[in-house]
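Visitor: 3D model of this:
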Amino acid sequence: MEELKNKIRDVADFPKPGIIFKDLTPVLADVKTFQKTIDLLAKRYSEKGIDTIIGIESRGFIFGAPLAYRIDAGFVPVRKKGKLPYKTHSITYELEYGTDTLEIHEDAIHAGSRVLVVDDLLATGGTCAATCQLVEKSGGKVIECAFVVELNFLKGRDKLKGQEIFSLIQF
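Guide: Here you go, the predicted model:
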């Protein structure tokens, strides 16, 4: 895990002053580190009977799609409002500075599907909580929420009460 942790770059004052952004692009650029990240996640989920992986826009796509391939699951993107071309379920949720809306195709998840929600980073938890609600609205069952990085000091787990949560690295 130290190898992975050492690849994550801190970017000060992004996207606004006072924020220290955890940049995972060096993880993606290093083929061995990226492969190891996917391998570690696949080892955890390959025997859990996951039918579908939900990738949260947009960095959840980067980790969710290869993981879905590795564990023989389908991949479904959850996108911001207006980005999906077909009929959608949507949910509007509170952010610290306003609201946002996420959407999923109505036919993306089948009743009883065992779903893994994947994103790069767990911060405040609002986006993941909204995604879990979309999965349940679609008839799926969230088995776990998986992250490469978790920022413990932002207490994102508090918004995900009742969900199983896994992260490879915590700061």
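Visitor: wait, is Leu102 part of a strand?
Guide: Yes - under DSSP: H, G, I helix; E, B strand; the rest coil, Leu102 sits within a strand.
Visitor: hang on, isn't it packed against Ser90?
Guide: Yes - contact criterion Cβ atoms under 8 Å: Leu102 and Ser90 qualify, at 6.7 Å. No exception for glycine: its C-beta is placed from N, CA and C like everyone else's.
Visitor: okay, the two: which has more neighbours?
Guide: Per other Cβ atoms under 10 Å, whichever of Leu102 and Ser90 has more neighbours is Leu102, with 23 against 16.
Visitor: returning to what we had before: what touches both of Leu102 and Ser90?
Guide: Lys81, Leu134 (Cβ atoms under 8 Å, 6 or more residues apart in numbering).
Visitor: mind checking the longest helix of the chain?
Guide: The residue-count maximum for a helix in the chain (DSSP state H) belongs to helix 31-45.
Visitor: chain center to that helix, what's the gap?
Guide: Centroid separation for helix 31-45 versus its chain: 15 Å, with Cα atoms, centre = their mean, to the nearest Å.
Visitor: now that helix: buried residues?
Guide: Residues of helix 31-45 classed as buried: Thr33, Phe34, Lys36, Thr37, Ile38, Leu41, Arg44, Tyr45 (neighbour count, 16 or more other Cβ atoms under 10 Å).
Visitor: contacting residues around the residue lying closest to the last one once chain neighbours are set aside?
Guide: Spatial nearest neighbour of Tyr45, chain neighbours left out: Ile71 (5.3 Å); criterion: Cβ to Cβ, 6 or more residues apart in numbering. Ile71 sits next to Ala42, Tyr45, Ser46, Ile50, Ile53 when contact means Cβ under 8 Å, 6+ apart.
Visitor: any idea how far Val142 is from Asp120?
Guide: 18 Å (Cβ to Cβ, to the nearest Å).
Visitor: Glu150 touches Leu160, doesn't it?
Guide: No - contact criterion Cβ under 8 Å: Glu150 and Leu160 do not qualify, at 10.7 Å.
Visitor: state the number of residues packed around the residue nearest to Glu150 when sequence neighbours are not counted.
Guide: With Cβ to Cβ, 6+ apart as the criterion, Glu150 has its nearest non-adjacent residue at 3.6 Å, and that residue is Ser167. Neighbour count of Ser167, defined by other Cβ under 10 Å: 19.
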